[in-house]
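Colleague: what's the 3D shape of this:
(chains A and B, ligands or ions: 1)
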Amino acid sequence: MAMNSFEWADATTVEQAAGLLAESTEQRPVIAKAGGIDLLDLMKEGILAPARLVNLKTIHGLDEIDTENGLTLGALVTLDRIDKDPRIRSRYVALSDAAAHAATPQVRNAATIAGNLLQRPRCWYFRHDHFHGEGADEMESRGADQNQHHAILDNDKNAMVHASTPATALVAYDASVELAGRANGSRVVKLSDFFLPPEMQRAHDSGIESGEVMTRVTIPPLNARAKAAYHKQTERESYDWPICDVAVVLTMEGQTVQNASIVMGWVAPTPRRASESERLLIGNRLTDDLARQAAHAAVADATPLSKNGYKVPVLEAVVRRTILAAAVAG
Amino acid sequence: MATDNQAPIDQPPLRSQSLLYGIVGQETRQVTRQVPADEPPQLPVNAELRSIGKPIRRLDAVQKVTGTAKYTFDVQLPGMLYARQVVCPWPHAKVISIDTSAAESYPGVRAVHVLETLLQTARLRDPEAEARNKYPTVRFAGQTVAAVAAETQRIADQAAKLVKVEYERLPHVSELVAAMDDEAPIVFPGPVEQPSTAGGGGAPEGLPQKGNVRGPNFGMPGMTPTGDIDQGLAEADVVVEAEYRTQVQTHVPMETHGIVADWRDDELTIYASTQHTHSVRDEAAEYFDLPKSKIRVISDFTGGGFGAKYGINNFGLLAIHLSQKAGAPVRMMLDRREEHVSAGNRPNSLQRVRIGAKQDGTLTAIDVISWGTGGIAGGAGIGFCYNALYPCPNMRTEQYDVFTNAGPCAAFRAPGQVQGIFSLEQAMDELADRLQLDPIMLRERIDTKPTDDMLARAHERKIAAERFGWDRRRPPNSDAGPVKRGMGMAQAQWVYVVSPPTTVEVRIADDGSVSVYNSAQDIGTGTRTVLAQVVAEEFGLDAENIGVYIGDTRFPWGPPSGGSRVTASVTAPARNAAYAAARDLAARLAPLFDDADPDDIFFAGGKVGVRGNEGAARPLKEAAKEAKFGEISKLAKRHDDYEGFVLSGETSISRHGLGGVQFAEVAVDVETGVVKVERVVAASDCGRPINPKLVESQVIGGIIQGVSYAIYEDRIMDATSGHQLNANVDQYRMVGSRETPEIEVLLIEQIGAQSSTDARGIAEASNVATSAAIANAFYNATGKRIRTLPMNPANVLAALSA
Ligand SMILES: Cc1cc2nc3c(=O)[nH]c(=O)nc-3n(C[C@H](O)[C@H](O)[C@H](O)COP(=O)(O)OP(=O)(O)OC[C@H]3O[C@@H](n4cnc5c(N)ncnc54)[C@H](O)[C@@H]3O)c2cc1C
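Modeller: You can find the predicted model right below:
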């Protein structure tokens, strides 16, 4: 399908972009464009019909990578650069791997980290214009019957899952995002607080406000002994969306776990910490058996839907495997 | 199927001839056959030929990889308009009114047309129930109602949204089992009929129908039940019994369906992405009341079809109407969603299978009942493999079509057979296991029908087992870790089909250059190349020296690219015409060689000479110039096979079939449910391979598509809305490059002594056995049977915990 006509504005500063975005109304939506991967998909599917696009790619200085104090990624840094940057790979391997396993080489060349975090869900009801048009009311009243790719945790209200896979690693590294508005300067929000459970009728799956531009993603400095691993479990090896993905960051003293951060994507509406699993690991010697117990704890609260029960054992296996992989990571 | 080409074909006088018969390099002997007197002598084996049997690169390879090959999608004509369909958002509805005024007055719109007749659907036996409806009833979400043609695609898309359609919604059902219920919403208000296309599908007329369930259909003629099932089961030492389920698969050709219709004055030219140029012409003639002589259909390249691209379809009807109204060419290409939803699919199946056997493997009973849904179209059976492969005295295959509010099925690479073999060959594997027989040994004992495909399989089992390393197969579930490996094998059977109306013309221009003409399209199999190779052989030329003109109904009648019949149909008349033309040319050139006997004239490497005095050979071009013979043109028709057919007509079927055996090695991660096919070895037969490289390419394609079907593909319908949820190439998972196993193809040369080239088919036979071979390897890996497709993590983990 072809898209509606729209206006195009190249922004040169964050302030200018924020100003243009703040003009958005329901009748004349104004939407930011970074790599344009998700945006154009949604426009072609007839789900988004902006009156004007604000191109952020023309803003200078938003594509820098800084490793001085922790890690700072400009909003326009592409997934490909995150994958290939040796500084990121040597310190934040779970993030490098998450970027490397997202999408396809062509998409990674264009996709920005901000756009990735702000992309909309892949739910096949959400992506079908019928459920935003004629079929919207019916959809509201009954939810997704074909829920094989939906959440198995925290799914009593919303079962759509957030799509970003790099987000899983970023939450495990305790990342934050910086948002700049026109009037009130900028604010910094923990990524784990930023995401909202996706909904069919809402324009965002996050706390971003109208007129705000995401400017940076930051990760605090890591303990020098931290080890990490990331695994995206797919049905295919060629590009695929995950059944689940898991990021694990461990700080070890010998065989003993001092600190653990375990985050699971695509199994709850937003990336979810496996807090009970972390608690089981911390202070204990990491053995196959302990990893097994921790993995079991990760799925203890699962409430699978009619068609996604299979995700529970898969998640359990992936949590276990990723914990063990993190422990032996370099 | 069109019937107008079925006029009896005048068979020329016959001569009795002794011919080579058998598998080359294995076992051959002489047989005596009645051969049409005007046919050339039998070809020797491929090793002794110059052009035929050589693995040359396809002639249009460079055009294809550089993007200069013109597909229908690429056709651009001066003043061409762009069309967009108006489709219904509801799965079942009566159309009350249609208001096209807003669309018609939208700037840039040149024509709007409302569809009066719906194609691609089963039809009510008694149309009375809907006779008073002004418009066709909508029976699936995405069904076409009207279309708009405009100066740009964007305008057409916008204007299509302005067509106001008032619907009265009706209850719908979109799932097989739900539709089988007595209380289910009714898709058709009475029994329906649907003939098959050249690619298969359809069903015999007059079947009983109750609600949405039509049948039983016992399949093809000769498949009526025999013997006594209960007695057969009572006599059995072992009975295997199970239920199998296969999913709906959509065709997903690289090029979507589409046509460009150009109606000027009283002539209609259609550029079509099609599997049969003549089916497009014939349907256009029927629905627009035009003489066939005034319609021209062109298909330079078709970007795949797999069985779904026949006739003009609803979008084609609309495009032609729009072109007529606007007085301009109209381009109508489906988008990806329309392609998935409305352009065809392989029906799903639910199969209940019972097979009884004696301790030594002797079959005592085969009892199969199947249901499948092809949406609003019929033809959801499981093929004829149960009857074709293993003889059994007590046999019954009962097949039912179940109608649902979903897009119509269409023939799909070995229609039915793919579903049937999935259960049959797993049941045989299970039987072998229960009898403690090697699966190959069981086949040795029961694969005994006296046909060429049986002989081929016997040889193929041997060579493929050896190459694959079957002797390394371990007992089920031999690996301790979470990733388990296993090996399995399965057999294939498919019909050997020919279209005897096929006629080929060979011309020799007055400069001695040679060209060949036939209306058949090239769906991707390399039709140009095989025609050139066969003609080149008669002139001692290379294939690239031959001009090949195909894909145009102005040329002599060519076969559909369905039923794996093109090479079998076109190469024999091509050779016969080339032979006749070469003989004619020899007679005309003989005077240049001291009035040599024309039979002594030979052609080689662009030269003509006299046997015995090779040194005096001279360039053909020069000799032609001197001889001034004008132009030579010879037409030849595809004669019937020397032994005739069991079923004759436009689709003539031999009593011999195509075989094929496949071996697969898989790795199953039992914790994640991910199955990886690591290696497939296929032994295949296609009669005489005209171009082994092209044959191999078909087999590789068949295996890749088979892996995709076995593990990934699955059309997902939302029951409540009646919409397909994954009608795109992101969420409709297919095999990718990394899922493509290592594939090895062992091709045999089988001379059937049936035609002047002895070429048979391959495309469908190569797609049949793959999913069963993988499923049997899955069992060998895990010790558990997987009887539900696709073998994705959800189905795999369910099978493992059963
Ligand atoms: C085939 C395919 C496979 C994929 N696989 C994966 C995968 O495995 N994992 C995964 O995570 N993703 C995957 N994706 C999604 C892809 O990574 C995202 O679409 C992409 O990252 C979006 O980034 P972008 O820069 O193109 O954003 P855009 O499409 O330009 O923007 C996306 C959204 O973010 C907003 N936006 C962008 N930047 C800013 C900013 N700085 N401030 C405010 N708002 C902003 C836009 O307004 C828009 O709403 C896949 C996509 C495709 C097509």
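Colleague: rest of the way, CA atoms for contacts and neighbours
Modeller: Will do.
Colleague: could you pull out the helices for the stretch 301-450 of chain B?
Modeller: For the stretch 301-450 of chain B, the helices defined by DSSP state H, counting those that start in this stretch cover B:313-326, B:336-342, B:385-388, B:417-435, B:439-446.
Colleague: make that the stretch 1-150 of chain A, sorry
Modeller: Counting by DSSP H, counting those that start in this stretch, the helices of the stretch 1-150 of chain A are A:14-21, A:37-44, A:79-84, A:86-91, A:93-100, A:105-110, A:113-118, A:136-142.
Colleague: for A:Ile323, what are its contacts?
Modeller: By CA atoms under 8 Å, 6 or more residues apart in numbering or on different chains, the residues touching A:Ile323 are A:229, A:248, A:291.
Colleague: for the stretch 351-500 of chain B, what lies in contact range of the ligand?
Modeller: Proximity of the stretch 351-500 of chain B to the ligand (CA under 6 Å from any ligand atom) involves no residue at all.
Colleague: for chain A, what's the nearest residue on the stretch 351-500 of chain B?
Modeller: Going by CA to the nearest CA, chain A is nearest to B:Pro482 of the stretch 351-500 of chain B, at 10.1 Å.
Colleague: per-residue pLDDT, that residue?
Modeller: You'll see B:Pro482 listed with a pLDDT of 98.
Colleague: just give the number of residues close to A:Val54.
Modeller: A:Val54 has 21 neighbouring residues, counting by other CA atoms under 10 Å in any protein chain shown.
Colleague: my read: it touches A:Val30, true?
Modeller: Yes: taking CA atoms under 8 Å as the definition, A:Val54 is a contact partner of A:Val30 at 7.1 Å.
Colleague: what's the overlap in contacts for those two?
Modeller: Listed as contacting both A:Val54 and A:Val30 by CA under 8 Å, 6+ apart are A:20-21.
Colleague: hmm, back to that, and of the helices of the stretch 1-150 of chain A, who's closest to chain B?
Modeller: Of all the helices of the stretch 1-150 of chain A, helix A:136-142 comes closest under CA to the nearest CA, at 8.1 Å.
Colleague: check which element follows the closest one along the chain.
Modeller: helix A:166-172 (DSSP states H and E).
Colleague: quick one: residues in contact with the helix or strand just after that following helix.
Modeller: Remark: after helix A:166-172, the chain's next helix or strand is strand A:176-180, criterion DSSP H and E. Contacting residues not belonging to strand A:176-180 are listed as A:14-15, A:18, A:186-192, A:208, A:212-219 [CA under 8 Å, 6+ apart].
Colleague: so among those, which ones count as buried?
Modeller: A:14-15, A:18, A:188-192, A:208, A:212-219 (16 or more other CA atoms under 10 Å in any protein chain shown).
Colleague: give me the number of residues near B:Tyr82?
Modeller: 25.
Colleague: which residues touch it?
Modeller: B:149-153, B:156, B:330-332.
Colleague: by neighbours, which of these wins?
Modeller: B:Ala149 (36 neighbours).
Colleague: count of neighbours near B:Val548?
Modeller: Neighbourhood size, B:Val548 [other CA under 10 Å]: 21.
Colleague: any idea whether it is helix, strand or coil?
Modeller: Secondary structure, DSSP: H, G, I helix; E, B strand; the rest coil: B:Val548 is strand.
Colleague: from B:Lys70, how far out is it?
Modeller: 16 Å (CA to CA, to the nearest Å).
Colleague: shaky segments in chain A?
Modeller: A:1-3, A:182, A:184 (pLDDT under 70).
Colleague: contact residues of it facing the ligand?
Modeller: A:31-39, A:75, A:102-104, A:111-112, A:114-116, A:118-119, A:163-166, A:213-215, A:241.
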